[in-house]
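A.B. asks: Any chance you can model this:
(one chain, ligands or ions: 3)
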Amino acid sequence: MHSMRASPSLKLPFPKNLASISFSHRRRSLTISSTGAVFAQMETTITITRPDDWHLHLRDGDLLQSVLPHSAKQFGRAIVMPNLKPPITTTAKALAYRESILKALPTDTDFNPLMTLYLTDNTSPEEVRIARNSGAVFAVKLYPAGATTNSQDGVTDIFGKCLPVLEEMVKLEMPLLVHGEVTDPSVDTFDREKVFIETILTPLVEKLPSLKIVMEHITTADAVNFIESCKTGNIAATVTPQHMLLNRNSLFQGGLQPHNYCLPILKRETHRQAIVEAVTSGSTKYFLGTDSAPHDKKRKECSCGCAGIFSAPLALSLYAKVFEEAGSLDKLEAFTSFNGPDFYGLPRNTSKVVLRKSPWKVPETYSYASGVIVPMFAGETLEWFSGNK
Ligand SMILES: NC(=O)N[C@@H](CC(=O)O)C(=O)O
Ligand SMILES: [Zn+2]
Ligand SMILES: [Zn+2]
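C.D. replies: Numbers count the residues shown, from 1 in each chain. Ligands and ions are numbered 1, 2, ... in the order given. Here you go, the predicted model:
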């Protein structure tokens, strides 16, 4: 009879260089087969500092009520996007929105929503000062008008209309969060991020070199090159699970796949690889921003489906998958839990979350009072499970 014992000498597929995160392999159960062989089933967990989500759409009303607990269970804080209808353009609106988020929170959580202001052509420097002094608003969000969901009130001409506000933001050390795509209909959809970097972002950094900028949800090797080329420490990027796990083929796999449609749109495989390589290298310039963007199933599956992927319940599992596949699980915690607060000048969380290697099936839908939301990877099995306190 040969037996397998749950001993530390058992070969497990993990990197050796595990500086900061703690792993544990525990024997969960023993199975004795008909031939008498004993199999030990191992339970593997990773314990990391509680992550934050630096780019999240919480919506309002019914939708807020049902999506918020998924983020609050796993994340300590989130930068809450202001693209509501109507948008959050003033501090007063941001504070009221914050109150409604706090009211919708489950009681057993200390989740902290960090608010943002929606930049328009008419935002005043005074409004940004009020926002900063409120202590509740942590950034200003630039949506080029028409670039994405609920961006119609966004900026039409950043250099013509917004310079005084941006100069004030430099003084206040208030970060500018950027949806980095041009809206010119003559520019190919797949090139809109690259052209934005060339025509807006590069001149903006030249004009205001000390403005803190987060390029949100990067999707291209061009964005990685841009971020790497900025040596000053005040330019960073958030990265979504979908832009590290999917390429544009997944928009068309076996037919049109509306639930993989988000903006900026998924790009070709070489871009995905460049992003994964940069993020899993351990660079401090990249941090977790799910861009979890719930829409009702009916608004995704229709003749003109809207952009946005709902990933809040599974995002952490997905990031773990990316880092594991890259052989860089030891770098996961800095990306999820350190680089973001360090960039924003906020303390890192002190509590922990546990990720468990315990396969689970992503639900086909999540329901809310007025309908259902189809999550990313609906119905698929994921290896890492998170969600325990
Ligand atoms: N990412 C998306 O495709 N959609 C976001 C808006 C955004 O972040 O651009 C949304 O609010 O639905
Ligand atoms: Zn966006
Ligand atoms: Zn977004």
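A.B. asks: How about stretch 103-119 and ligand 2, any contact?
C.D. replies: No. Using C-beta under 5 Å from the ion, stretch 103-119 stays clear of ligand 2, with a minimum separation of 11.8 Å. No exception for glycine: its C-beta is placed from N, CA and C like everyone else's.
A.B. asks: Show me which residues of this protein are close to ligand 1?
C.D. replies: Residues of the chain lying near ligand 1 by C-beta under 6 Å from any ligand atom: 57, 83, 148-149, 179, 262-263, 291, 293, 307-308.
A.B. asks: Which one of these is nearest to ligand 2?
C.D. replies: Distance to ligand 2, by C-beta to the ion, is smallest for His179 among those, at 3.6 Å.
A.B. asks: Which parts of this protein are strands?
C.D. replies: 22-32, 38-49, 53-56, 77-80, 112-118, 137-142, 176-178, 213-215, 235-239, 286-288, 352-361, 366-368, 371-373, 381-388 (DSSP state E).
A.B. asks: can you give me the helices for the stretch 101-250 of the chain?
C.D. replies: For the stretch 101-250 of the chain, the helices defined by DSSP state H, counting those that start in this stretch occupy 125-134, 158-161, 163-172, 192-196, 202-207, 221-229, 241-245.
A.B. asks: Columns mean neighbour count on top of those, output as CSV?
C.D. replies: Below are the helices of the stretch 101-250 of the chain laid out as CSV (neighbours: other C-beta atoms under 10 Å):
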stretch, mean neighbour count
helix 125-134, 18
helix 158-161, 14
helix 163-172, 17
helix 192-196, 23
helix 202-207, 14
helix 221-229, 19
helix 241-245, 23
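A.B. asks: For Ser186, find the nearest of those helices.
C.D. replies: Nearest to Ser186, of all the helices of the stretch 101-250 of the chain, is helix 192-196, at 10.2 Å by C-beta to C-beta.
A.B. asks: that older thread, could you look over the strands of the chain and pick the most buried one?
C.D. replies: Highest mean neighbour count of those: strand 53-56, a mean of 28 (counted as mean count of other C-beta atoms under 10 Å).
A.B. asks: Now that strand - C-alpha only, CSV.
C.D. replies: Provided in CSV are the C-alpha atoms of strand 53-56 (Å, rounded to 0.1, in the frame of the first residue of the first chain):
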residue,chain,number,x,y,z
ASP,A,53,-11.1,48.9,-5.2
TRP,A,54,-9.8,52.1,-6.8
HIS,A,55,-12.4,52.1,-9.6
LEU,A,56,-15.9,51.0,-8.9
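A.B. asks: surely Val80 meets Phe111?
C.D. replies: No. Assessed by C-beta atoms under 8 Å, Val80 is found out of contact with Phe111, at 10.7 Å.
A.B. asks: rewinding a little: what's the ChimeraX line that selects buried ones from the residues of the chain next to ligand 1?
C.D. replies: Buried members of those, defined by 16 or more other C-beta atoms under 10 Å, are picked up in ChimeraX with:
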select :57,83,148,149,179,262,263,291,293,307,308
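A.B. asks: State the pair within the residues of the chain next to ligand 1 that is farthest apart.
C.D. replies: Within the residues of the chain next to ligand 1, two members stand farthest from each other by C-beta to C-beta: Asn83 and Cys262, at 13.4 Å.
A.B. asks: List the contacts of the nearest residue to Tyr368 once chain neighbours are set aside.
C.D. replies: Among residues not flanking Tyr368 along the chain, Ser66 sits closest, at 3.6 Å (C-beta to C-beta, 6 or more residues apart in numbering). Residues in contact with Ser66, defined by C-beta atoms under 8 Å, 6 or more residues apart in numbering, are 366-369, 373.
A.B. asks: and if you look at Lys300?
C.D. replies: Each residue near Lys300 by C-beta under 8 Å, 6+ apart is listed here: 258-259, 261, 306, 308, 374.
A.B. asks: shouldn't Gln65 be in contact with Tyr368?
C.D. replies: Yes. Taking C-beta under 8 Å as the definition, Gln65 is a contact partner of Tyr368 at 6.9 Å.
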